[in-house]
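Asker: Okay, predicted coordinates and the sequence, questions at the end:
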2 protein chains.
Amino acid sequence: MLFKLAVDCIILAYDPGDNQLKVLLVQRENEPAKGQWALPGGFVDEPEDFAVTAARKLRQETGVTVPYLEQVRAYALTDPTVGQRLASVSYYALLEWAHYAPAADRTHLAQWFALPHVPALPFDHARKVQDAWQRVQEAARNRPVPFYLLPPKFPLNQLQRFYEALYQAPLDNRNFRKWVKGLPYVEALAELETNVSHRPSQLYQFKASAYAAFGQATRLTPY
Amino acid sequence: MLFKLAVDCIILAYDPGDNQLKVLLVQRENEPAKGQWALPGGFVDEPEDFAVTAARKLRQETGVTVPYLEQVRAYALTDPTVGQRLASVSYYALLEWAHYAPAADRTHLAQWFALPHVPALPFDHARKVQDAWQRVQEAARNRPVPFYLLPPKFPLNQLQRFYEALYQAPLDNRNFRKWVKGLPYVEALAELETNVSHRPSQLYQFKASAYAAFGQATRLTPY
DNA sequence: GCAAAAGTGTTCGCAATACACCCATGC
DNA sequence: GCATGGGTGTATTGCGAACACTTTTGC
């Protein structure tokens, strides 16, 4: 028994404009579900690792090049209208918001949607988005996820709002700052925001070098 | 491009005899890797969910019926000698040691191997075992994994040795017992071990009813 | 001077860790 | 009575949680 194999990409970015985690969707140009918003992806049609296929499809459809893709899981397509046997493997990627620069030769219209407000999605894409989101939440407990999603320099309150968006829960500002200051891989810069109509915030950055040693020892998520 | 899709099963059980987590392997009866120990599994050849296929293959090859299977992830088979495109999806299951009762009509010789000492495995099976083990370790942080692996009645020290086997790390006996006694879903029985040449241990059991409420709140893993 | 967001300390309770000896049984 | 594994308590420490006001800037 043979299968067509599809890959789906859940591209996530943190929009500092409205402090929301967003997922990139494309408008389908073919049946089924033509015209609807859906996850970018496509059928595996080259003898290469699925992640490579996923990155290529993503590049074609959205014009975005992502640095890496992390597998979420495989799904047996349950749609009873498809006669042929189908399976799909989904991947998530974390993208810095400012790096979103769709190439001109993309084949689909792409748009960001805030995670708690994604539109109704065809097939099992809604579930895939949920699964991926949950995986990122879990990943953030073991790895420095915000490193991939925040700009190189950021104020602490932005980091806090990122975590609030990721876990959809408010955090105590003082406890949060206390926690961050204990982290070995976040360092303060001697630089302030400018041109804001309120007290300017100090900027921070991630120290990539300090990551390697951690992951087990220090707590990576805020309270 | 079409794929043959395989499923692989990582069946885990806790052997109270030597206090080790073990994985069930079968001896391959066909090429490639004929005669070697490998994970039970096979090609998906029916239009059904992969997990169902996995359970059926498992039943055929080892004679074991497992209550459920949990997906680990999908793999693109990287073996360059296979001309045809192959993918595989692996599943793990947790089995109570005493429930291992292979049916007579099984097609392969099956044997348990202690997790830290699995033999060299063909294909990418070694990696699959490692991935599955890690997933079980993670699952134990959110779900009552020992419930599936220990007998209905067990002494506390057996539970401790299970956790020590799972995480390959020694635990402090007094702290462990203190922790267990705080769990709402482990209850002491008015029953003792018998016929042991030392002080008999008290038996405990899991209270299935108390699981539902937890998973987030109470810490599920020992120190 | 006012609006808007940044930044700052302390207290309390509990959970995590470390640690050494007595107990009950079979032989 | 001795070998074997089962069982017990306390003190310390550091982290998680709760909580309200002052500071700096642009306009």
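Answerer: Arrived safely, thanks for sending.
Asker: Show me the strands in chain A, by range?
Answerer: Under the criterion DSSP state E, strands of chain A are mapped to A:2-15, A:20-27, A:37-38, A:41-43, A:70-76, A:86-95, A:110-114, A:154-155, A:186-192, A:202-206.
Asker: Can I get those in JSON lines including distance to A:Phe162 and mean neighbour count?
Answerer: Quick note: C-beta positions are derived from backbone N, CA and C, even for glycine. Formatted as JSON lines, the entries for these read as follows, by distance: least, C-beta to C-beta, whole Å; neighbours: other C-beta atoms under 10 Å in any protein chain shown:
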{"stretch": "strand A:2-15", "distance to A:Phe162": "5", "mean neighbour count": "23"}
{"stretch": "strand A:20-27", "distance to A:Phe162": "8", "mean neighbour count": "22"}
{"stretch": "strand A:37-38", "distance to A:Phe162": "24", "mean neighbour count": "20"}
{"stretch": "strand A:41-43", "distance to A:Phe162": "26", "mean neighbour count": "18"}
{"stretch": "strand A:70-76", "distance to A:Phe162": "18", "mean neighbour count": "20"}
{"stretch": "strand A:86-95", "distance to A:Phe162": "11", "mean neighbour count": "23"}
{"stretch": "strand A:110-114", "distance to A:Phe162": "13", "mean neighbour count": "16"}
{"stretch": "strand A:154-155", "distance to A:Phe162": "9", "mean neighbour count": "19"}
{"stretch": "strand A:186-192", "distance to A:Phe162": "12", "mean neighbour count": "12"}
{"stretch": "strand A:202-206", "distance to A:Phe162": "12", "mean neighbour count": "18"}
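Asker: In chain A, which helix is the longest?
Answerer: helix A:125-139 (DSSP state H).
Asker: So which bits of chain A are right by chain B?
Answerer: The interface of chain A toward chain B, taken as C-beta under 8 Å from any C-beta of the partner chain, is made up of A:1-5, A:43-47, A:49-50, A:71, A:73-74, A:76, A:78, A:85, A:87, A:89, A:138.
Asker: which one of the strands of chain A lies closest to DNA strand D?
Answerer: strand A:186-192 (6.8 Å; C-beta to the nearest atom of the strand).
Asker: Packing partners of that closest one?
Answerer: With contacts defined as 3 or more C-beta pairs under 8 Å, 6 or more residues apart in numbering or on different chains; DSSP states H and E, strand A:186-192 has these neighbours: strand A:202-206.
Asker: right, is the strand it packs on up against DNA strand D?
Answerer: No: between strand A:202-206 and DNA strand D, judged by C-beta under 7 Å from any atom of the strand, nothing touches; the nearest distance is 10.5 Å.
Asker: Parallel or antiparallel, list what pairs with that strand.
Answerer: Counting by DSSP bridges, the strands paired with strand A:202-206 are strand A:154-155 (antiparallel), strand A:186-192 (antiparallel).
Asker: give me the low-pLDDT residue ranges for chain A?
Answerer: Counting by pLDDT under 70, chain A shows low-confidence ranges at A:78-84, A:210-218, A:220.
Asker: and the angle from the longest helix of chain A to strand A:110-114?
Answerer: Inter-element angle recorded for helix A:125-139 and strand A:110-114: 60 degrees (by axes from the mean of the first three to the mean of the last three C-alpha atoms, to 10 degrees).
Asker: where does helix A:125-139 sit relative to the chain's centre, distance-wise?
Answerer: Using C-alpha atoms, centre = their mean, to the nearest Å, the distance from the centre of helix A:125-139 to the centre of the chain it belongs to is 10 Å.
Asker: Check which residues of it are buried.
Answerer: Residues A:125, A:128-129, A:131-133, A:135-136, A:139 are the ones in helix A:125-139 that count as buried (16 or more other C-beta atoms under 10 Å in any protein chain shown).
Asker: Just list the residues touching the nearest residue to A:Leu77 once chain neighbours are set aside, thanks.
Answerer: Nearest residue to A:Leu77, sequence neighbours excluded (C-beta to C-beta, 6 or more residues apart in numbering or on different chains): A:Leu86, at 3.8 Å. Counting by C-beta atoms under 8 Å, 6 or more residues apart in numbering or on different chains, A:Leu86 touches A:3-6, A:76-77, A:79.
Asker: Domain-wise, how is chain A divided?
Answerer: Following the assignment in automatic domain parsing, chain A carries domains at A:4-139, A:148-214.
Asker: Distance to B:Lys57 added to those domains, as CSV?
Answerer: Listed next are the domains of chain A as CSV, based on distance: least, C-beta to C-beta, whole Å:
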stretch, distance to B:Lys57
domain A:4-139, 15
domain A:148-214, 38
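Asker: wait, which of these is closest to B:Phe113?
Answerer: Ranking the domains of chain A by proximity to B:Phe113 (C-beta to C-beta) places domain A:4-139 first, at 26.0 Å.
Asker: Roughly how far does A:Ala51 sit from B:Arg73?
Answerer: Computed as C-beta to C-beta, to the nearest Å, the A:Ala51 to B:Arg73 distance reads 12 Å.
Asker: One more: A:Ala132?
Answerer: Summarising the geometry, the distance separating A:Ala132 from B:Arg73, computed by C-beta to C-beta, is 13 Å.
Asker: restrict the buried residues of helix A:125-139 to those near DNA strand C?
Answerer: Filtered for proximity to DNA strand C (C-beta under 7 Å from any atom of the strand), those leave an empty set.
Asker: Give me the number of neighbouring residues for the residue nearest to A:Val52 when sequence neighbours are not counted.
Answerer: Nearest in space to A:Val52, with sequence neighbours left out and distances taken as C-beta to C-beta, 6+ apart, is A:Glu46 at 7.8 Å. A count of neighbours around A:Glu46, defined by other C-beta atoms under 10 Å in any protein chain shown, yields 11.
Asker: Just to check, A:Leu149 is in contact with A:Leu12?
Answerer: Yes: with contact taken as C-beta atoms under 8 Å, A:Leu149 and A:Leu12 are classed as touching, separated by 7.3 Å.
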